[in-house]
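**Student:** Okay, here's the prediction I keep looking at, along with the sequence it came from:
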Amino acid sequence: MASPLPATNRGRHLLRLILSCRKITAQVTCEATDSIVAIASSSEAEFQNDYRARLQRFPRRNLFWDSRTSSAIGDKIGYRLREIGVSEIGIDVDEEMSRPMHFRKMLGPFYDAVKRRGIAVHGAEKAFLG
């Protein structure tokens, strides 16, 4: 049965990052249907011990994730995308460039981790120098 979508829109995926001071969430959506294909977040069970340790740390920090956490999230989303057969994703470069610099510096390892998993990230080379 033929798909009602044109061939150019079928299979295009968009990576969206939701960042706050407490957590980082990466979700990949299908552009044609806006349905979520894969998601990874620092609020998952394997990151809870690290989060609790940062929460009870003294002196307190306002940011509860770092580049190591973003790299782990990148590995996780890359693995999940590979598992379902997605090999390319795109990002919204304007949105990434509008982020504060302290967030952009910590997202470099995220994109490196996704690329190490074999997922091509279109637009990351424009948003980051690496």
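**Tutor:** Sure thing, it's come through. Numbering: from 1, shown residues only.
**Student:** Please count neighbours and contacts with C-alpha atoms only from this point.
**Tutor:** Fine.
**Student:** Mind listing what's buried along the lengthiest helix in the chain?
**Tutor:** Secondary structure of the chain per DSSP state H: the longest helix is helix 67-84. Residues 67, 69-81 are the ones in helix 67-84 that count as buried (16 or more other CA atoms under 10 Å).
**Student:** so which of those comes closest to Arg104?
**Tutor:** Set against Arg104, the nearest of these by CA to CA is Ser67 (9.9 Å).
**Student:** so that closest one makes contact with Phe110?
**Tutor:** Yes - using CA atoms under 8 Å, Ser67 is in contact with Phe110, at 7.4 Å.
**Student:** quick one: Arg80 from Ile73, how far?
**Tutor:** Counting by CA to CA, to the nearest Å, the separation of Arg80 from Ile73 is 11 Å.
**Student:** what do the two both touch?
**Tutor:** Residues touching both Arg80 and Ile73 by CA atoms under 8 Å, 6 or more residues apart in numbering: none at all.
**Student:** For Arg99, which residues are in contact?
**Tutor:** Contacts of Arg99 by CA under 8 Å, 6+ apart: none found.
**Student:** how about Gln48, what does it touch?
**Tutor:** Ser42.
**Student:** Could you tell me the model confidence score at it?
**Tutor:** pLDDT, Gln48: 88.
**Student:** and what of Ile73?
**Tutor:** Note for Ile73: predicted pLDDT of 96.
**Student:** close enough to count as contact, it and Asp112?
**Tutor:** No - contact criterion CA under 8 Å: Ile73 and Asp112 do not qualify, at 11.1 Å.
**Student:** Where does Ala38 fall, secondary structure wise?
**Tutor:** Per DSSP states H and E, Ala38 falls inside strand 36-41.
**Student:** So what are the sheet partners of that strand and their directions?
**Tutor:** Sheet pairing of strand 36-41 (DSSP bridges) gives strand 24-30 (antiparallel).
**Student:** Alpha carbons of the strand it pairs with, in CSV - could you do that?
**Tutor:** In CSV, the C-alpha atoms belonging to strand 24-30 read as follows (Å, rounded to 0.1, in the frame of the first residue of the first chain):
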residue,chain,number,x,y,z
ILE,A,24,17.8,17.6,29.7
THR,A,25,15.4,15.8,27.4
ALA,A,26,16.0,14.8,23.8
GLN,A,27,13.1,13.7,21.6
VAL,A,28,13.1,12.8,18.0
THR,A,29,9.9,13.4,16.0
CYS,A,30,8.8,12.5,12.6
